[in-house]
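Q: could you look at this predicted model? Sequence included:
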Amino acid sequence: MPPPPPRRPGPPRPPTSKLVAPPPPPAPGTVKPSTRVAAVKSPAPAPAPRTPPPPPSAGKAETEIARAPVPAKIQPKVPAKPITGRARRPAPVEAEGDDGDGSAVPARSRPRAGNNRKLILIIAGLAVLLIGILVLSAAWNPMQRSSQLAALDACRSPERIEDAIGLAQEFSRTWGERSEYVATAIITGRGPVEARIQMCRDGRFLKLLAQLLSDEKLTPEQRGMVCAALSELWPDDGSGPGVSPGLPAWALNTDSPPALSGPALRLLVAMATPDAEANLSRAAADGKLTTERAIAIAVALGHVLEKRNLGVKPLLTALAGAHRAALLASPAVAECVRANAQPADAAALLALLASPDSVAIGLAGLGGKHFQIAEGDAKARADLTAELVPFLAPDKDDAVLAGALLVVHRQRLIGARTQVIALLPRLAKRRPEQLSKEDLADLLGKSLVSSKTPEAATAAEEMVAALTEALDNVATRNLAIVGLSRVQDPNITALRPALDGLAGFGDDGAAALDILVTRVYGREDIAKAGRSRGWSAVLAEDRRKRARYDAILRWLADHGDENNARVDSAVMAANKAELGRIRDEIRGWGESKDPLPLGVTRPTLDALANKVQILLNMVIKGTTVGS
């Protein structure tokens, strides 16, 4: 079978990717604009359809005819109206892309290359500007720090120290008081020493201050500034860094200038090292030091003892030195003894009472806030009372008398109540300056007035009775009113007559009554009645009711066992009648709106009524059985 003939190619397709050249412009006034635009925008010739290959028997002529191109369709010419205005230049037409629809697109609809170049230039300029801003901002902070540190270095002259300190504070505020830039400036020695000390103080750089303290180039004034900064920043738990071993010498040597010795002494107190009390005690007794420095060192020793809770023995040792008189006469030293004295120091403090010049400081220690004798140690309390009695006399000077009274107050020495009562006229006339009004009032009304033990209750009754008696004396009345207003124990029998005494002394007495009735007895109802009706009338009624209440208790105690058939019938009849009257009276108290007597509460009244009713029932039963 012969092979099939080769496939003949069809006619070539007209190109579609080339631009169609616009026709030449017509002569002015010959073609209408619309016709010219339509001619320009006329579509390109459509491609001719492919002709199928002829059959094998076709001849050469047919083949040539098939290969001949199809002529394009000719656009008919239309006469145009003359154009009166300016002729528009036809827009170039380009062929469609790869979509194959054959439509032409005006060139002006695509972006121009010139506009793209401008946009690219603008974007590039903005990018360069942004990079410049970033670079400048990254370099600005170092430039600013460099400028500030340069200004700080320029202030090293003595007359510009204050300016340097101000610049240092501004540098710390700007970059952070604890920042690495501040620490680096301190370590590298920027600015004068005073400025670095200020930056260390602002940033609490204790280690850098301790390193700076070891600098041998510092002047005494500069070293004193470092010590002052360290003493202010030193932690309470003592966890600061190690400092120069020369600190005790700077604080305690005789040749140390005041600008260094004072701050160094404060730093020594803040550190409170284990050997501090020995060094300070020895220095306080050094006769080469001035009196002022010896007193300052003794006070510093007191602060160290207080921080370490070591008592007062090291401080009392310093009293034997060359500055004994000045130390004994110093109120600051006496206050240190009072703040640090402990029961273990009792023997040393009592020994001070043997010398007239040391009595005041010994009493200050015995009355200290940490010196407390146990309530159950009767012997120690009796011994201390015996030691104090000679100093509880009206002729003693104020410092000694105040010290002795404070010991009685703080230790609650009820054995000295007789001496205290005898001192009422002296204290009313002139109160020692060292004894505050609060301490004196608490001594009279609280410390010596308590019913905790039988011995204390006896002393309290005597003390309240003495204060009540002092109300009748014009000289001691105000002091007695203040003392009575501090009583806090309602179980003191002598307090009820004291209320009647206070009722007759105006506003001061009324104020004391209000305190006692509301706080001690807890009877706001009686206080309210006293404010509205007057204390004298209310207390008189209360006194009458209380007397009747006490009489009922006594009658029950005397006749409570006369309640059976063995008792005489006449006695039983009298008891029955009396118990009936008592029952009705108590019932009337309970139903009345008037306040109950002081010391009588609703539960106690109910208990008394129940007891009376039981006795009455027993008497009635015994009378019935006997008859």
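A: That came in fine, so what should we check first?
Q: what ranges does the protein have for its strands?
A: Under the criterion DSSP state E, strands of the chain are mapped to 93-94, 105-106.
Q: worst average pLDDT in those strands?
A: Among the strands of the chain, strand 93-94 carries the lowest mean pLDDT, at a mean of 45.
Q: which intervals of this protein have sub-threshold pLDDT?
A: Scanning the chain with the threshold set as pLDDT under 70 gives 1-114, 135-140, 625-627.
Q: please identify the buried residues of stretch 559-569?
A: His559, Glu562, Asn563, Val567 (16 or more other CB atoms under 10 Å). Every C-beta, even on glycine, is put in place using the N, C-alpha and C of the backbone.
Q: gap between the two ends of it?
A: Looking at stretch 559-569, the gap from its leading to its trailing residue is 14 Å under the measure CA to CA, to the nearest Å.
Q: need the contact list for Leu605.
A: Residues in contact with Leu605, defined by CB atoms under 8 Å, 6 or more residues apart in numbering, are Ile586, Trp589, Gly590, Leu596.
Q: sorry, wrong one. I was asking about Asp357.
A: Arg324, Ala325, Leu328.
Q: what number of residues lie near the last one?
A: By the criterion of other CB atoms under 10 Å, Leu328 has 18 neighbours.
Q: could you double-check that it lies in contact with Gly321?
A: No. With contacts defined as CB atoms under 8 Å, Leu328 does not count as touching Gly321, sitting 11.3 Å away.
Q: hang on, the earlier thing: now, which of the buried residues of stretch 559-569 lie within helices?
A: When DSSP state H is applied, those are split such that His559 fall in helices.
Q: and the contacts of Leu605, which two are furthest apart?
A: With distances taken as CB to CB, the most widely separated pair in the contacts of Leu605 is Ile586 and Leu596, at 10.5 Å.
Q: count the neighbours of Ala150 for me.
A: When neighbours are counted by other CB under 10 Å, Ala150 registers 10.
Q: check the gap between it and Arg190 for me.
A: In this structure, Ala150 and Arg190 are 9 Å apart, going by CB to CB, to the nearest Å.
Q: can you tell me how far the closest residue to Leu413 other than its chain neighbours sits from Ser451?
A: Nearest in space to Leu413, with sequence neighbours left out and distances taken as CB to CB, 6 or more residues apart in numbering, is Thr385 at 4.9 Å. Distance, Thr385 to Ser451, by CB to CB: 20 Å.
Q: neighbour count: the two, which is higher?
A: Neighbour totals were compared for Thr385 and Ser451, and Thr385 leads with 19 against 16 (other CB under 10 Å).
Q: pretty sure that one is touching Gln419, no?
A: No. Under the contact definition of CB under 8 Å, Thr385 does not touch Gln419, with a separation of 9.1 Å.
Q: need the contact list for Val226.
A: Going by CB under 8 Å, 6+ apart, Val226 touches Ile197, Leu209, Leu212, Leu213, Leu218.
Q: spatially nearest residue to it (excluding sequence neighbours)?
A: Val226's closest residue in space is Leu213 (CB to CB, 6+ apart), at 4.7 Å.
Q: I'd guessed that neighbour sits against Ser244; true?
A: Yes. Using CB under 8 Å as the test, Leu213 is close enough to Ser244 to be in contact (5.2 Å).
Q: how close does Ile552 sit to Leu608?
A: Going from Ile552 to Leu608 by CB to CB gives 7 Å.
Q: so what sits against both of those two?
A: Counting by CB under 8 Å, 6+ apart, the common neighbours of Ile552 and Leu608 are Ile586.
Q: list of residues touching stretch 320-339?
A: 284-287, 289, 291, 294-295, 298-299, 301-303, 305-306, 312, 315-316, 318-319, 357-358, 360-361, 364-365, 367-370.
Q: which residue comes closest to Gln434 once chain neighbours are left out?
A: The shortest distance from Gln434 to any residue other than its chain neighbours is 3.7 Å, reached at Ala402 (CB to CB, 6+ apart).
Q: surely that neighbour is in contact with Leu440?
A: No. Counting by CB under 8 Å, no contact exists between Ala402 and Leu440, whose distance comes to 9.3 Å.
Q: got the contact list for Ile295?
A: His323, Ala326, Leu327, Ser330, Ala332, Val333.
Q: longest single helix anywhere in this structure?
A: Ranked by residue count under DSSP H, the longest helix found in the chain is helix 113-153.
Q: chain center to it: distance?
A: Average the C-alpha atoms of helix 113-153, do the same for its chain, and the two points are 47 Å apart (CA atoms, centre = their mean, to the nearest Å).
Q: show me what that helix is packed up against.
A: Contacts defined by 3 or more CB pairs under 8 Å, 6 or more residues apart in numbering; DSSP states H and E place helix 113-153 against helix 161-175, helix 180-187.
Q: and the angle for the shortest one with helix 113-153?
A: Put simply, helix 180-187 runs at 40 degrees to helix 113-153, going by axes from the mean of the first three to the mean of the last three CA atoms, to 10 degrees.
Q: and the residue nearest to Leu319 when sequence neighbours are not counted, how far from Pro248?
A: Leaving aside its sequence neighbours, Leu319 sits nearest to Leu327 (CB to CB, 6+ apart; 5.6 Å). When CB to CB is applied, the distance between Leu327 and Pro248 equals 20 Å.
Q: these two: which has the busier surroundings?
A: Taking other CB under 10 Å, Leu327 and Pro248 do not tie; Leu327 has more neighbours (29 against 18).
Q: distance of that one relative to Asp606?
A: Computed with CB to CB, the distance linking Leu327 and Asp606 is 66 Å.
Q: could I get the full set of helices for the stretch 301-450 of the chain?
A: Residue ranges of the helices in the stretch 301-450 of the chain, as given by DSSP state H, counting those that start in this stretch, are 313-318, 324-329, 331-340, 346-352, 359-366, 378-388, 398-411, 417-422, 424-429, 437-442.
Q: from these, which stretch is densest packed?
A: Mean neighbour count, computed with mean count of other CB atoms under 10 Å, is highest for helix 359-366 among the helices of the stretch 301-450 of the chain, reaching a mean of 27.
Q: got the contact list for it?
A: By CB under 8 Å, 6+ apart, the surrounding residues in contact with helix 359-366 are 312, 319, 328, 333-335, 337-338, 341, 345-346, 349-353, 371, 384, 388, 391, 399-400, 403-404, 406-407, 411.
Q: end-to-end on stretch 237-247?
A: 20 Å.
Q: report the buried residues of it.
A: Of the residues in stretch 237-247, Gly240, Val243, Ser244, Leu247 count as buried by neighbour count, 16+ other CB under 10 Å.
Q: again with stretch 473-488
A: Applying a neighbour-count criterion of 16+ other CB under 10 Å, the buried positions in stretch 473-488 are Thr476, Arg477, Leu479, Ala480, Ile481, Val482, Gly483, Leu484, Ser485, Arg486, Val487.
Q: surely the third one meets Arg430?
A: To tie it back to what came earlier, the one meant is Leu479. No. The pair formed by Leu479 and Arg430 falls short of the contact definition of CB under 8 Å, at 11.5 Å.
Q: any idea how far Lys307 is from the most centrally placed residue in the chain?
A: Most central in the chain under CA atoms, centre = their mean is Asp236, positioned 16.6 Å from the mean C-alpha point. Shown here: Asp236 relative to Lys307, a distance of 9 Å by CB to CB.
Q: thanks a lot, see you next time.
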